[in-house]
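Colleague: structure for this input, please:
(one chain, ligands or ions: 1)
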Amino acid sequence: MKTLIIYGSKHGCSEKCAIKLSEKLNFKTDVFNVKHKKNIDFKSYDKVIIGGSIYIGNIQKEVKKFCLDNIEILKEKKIGLYICSMSDGEKAEELIKTSFPEELISRAISKAYFGGELILNKMNLFEKFIIKKVTKLDEDTSNIRDNNIARLAETFNRI
Ligand SMILES: Cc1cc2nc3c(=O)[nH]c(=O)nc-3n(C[C@H](O)[C@H](O)[C@H](O)COP(=O)(O)O)c2cc1C
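Modeller: The predicted structure follows:
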C-alpha cells in the first residue's frame, strides 16, 4: 500500500512542504495538487495526508471540497493533516480546527502546522496591498518549520 499526500497551494509553500514530507516518509508516496488530480484510486493508499495553506483565515476551498466529497473513504484511512500559514501557536491550532472536517480531525494520527512563506513577487497587487498593510513587511519571509514536518513524518513512519 502507498501513502498519498494531497495538497492545495497558491504560491508554492504548501507544495514545497508536501515534497519535503514525502522525502522523509519510508513508504512509496504519491504527491498530488488537489487542483490537478481528479480521479484518485483510493484503494492503493492506506495513509492519506491532506494539506493546504491559509488565506484570510481560510484553507483553499478545493481542500475543503476534497475532504467533504471523500469523507467516507477518508474515514477508512490513516489520516494526517497540515496547514501552512504565518500564524503560530494557538492561532495555528485554531486554524487547523477550522480548516478540516471534525470527523477527520478527531481521527487524524497527526495534525501539524508547517509554517509559511511570504514571497512578494508571487503575489498579485491586491495580495501585496493586504500583506504590506497587515504585516508592514517589505521583503520576503520564510518560516517553514522543518521540525514539524519531520515530526509528522516520524509519526507516520512508526505506524
Ligand atoms: C493575501 C494573503 C492572505 C493571507 N492570510 C493569512 C491569514 O489569514 N492567516 C495566516 O496565518 N496566514 C495568512 N497568509 C499567509 C499564507 O498562509 C502563507 O503565505 C502560506 O505560506 C501560503 O502558502 P502557499 O504558498 O502554499 O499558497 C496570507 C497570505 C497572503 C498572500
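Colleague: show me where the protein has its helices.
Modeller: Counting by DSSP state H, one finds helices in the chain at the ranges 13-24, 61-69, 71-74, 89-99, 102-107, 125-135, 146-158.
Colleague: among those helices, which gets the worst mean confidence?
Modeller: With a mean of 92, helix 125-135 has the lowest mean pLDDT of the helices of the chain.
Colleague: give me the mean pLDDT for the longest strand seen in the chain.
Modeller: Identified as the longest strand of the chain according to DSSP state E is strand 45-55. Average pLDDT, strand 45-55: 98.
Colleague: give me the buried positions along that strand.
Modeller: Neighbour-count burial for strand 45-55 flags Tyr45, Lys47, Val48, Ile49, Ile50, Gly51, Gly52, Ser53, Ile54 (criterion: 16 or more other CB atoms under 10 Å). Every C-beta, even on glycine, is put in place using the N, C-alpha and C of the backbone.
Colleague: give me every residue in this protein lying close to the ligand.
Modeller: Within the chain, the residues that sit near the ligand (CB under 6 Å from any ligand atom) are 9-14, 53-57, 84-87, 116-118, 123, 127, 130-131.
Colleague: so who does the residue nearest to the spatial centre of the chain touch?
Modeller: Nearest residue to the geometric centre of the chain (CA atoms, centre = their mean): Gly51, 1.9 Å. Going by CB atoms under 8 Å, 6 or more residues apart in numbering, Gly51 touches 5-8, 14, 17-18, 63, 81-84, 114.
Colleague: what of Gln60?
Modeller: Contacts of Gln60 (CB under 8 Å, 6+ apart): Gly8, Ser9, Lys10, Val34, Gly52, Ser53.
Colleague: nearest to the ligand, of the buried residues of strand 45-55?
Modeller: The ligand has its nearest neighbour among those in Ser53, at 3.0 Å by CB to the nearest ligand atom.
Colleague: in the sheet, who's paired with the residue nearest to the centre of the chain?
Modeller: Tyr7, Tyr82 (DSSP bridges).
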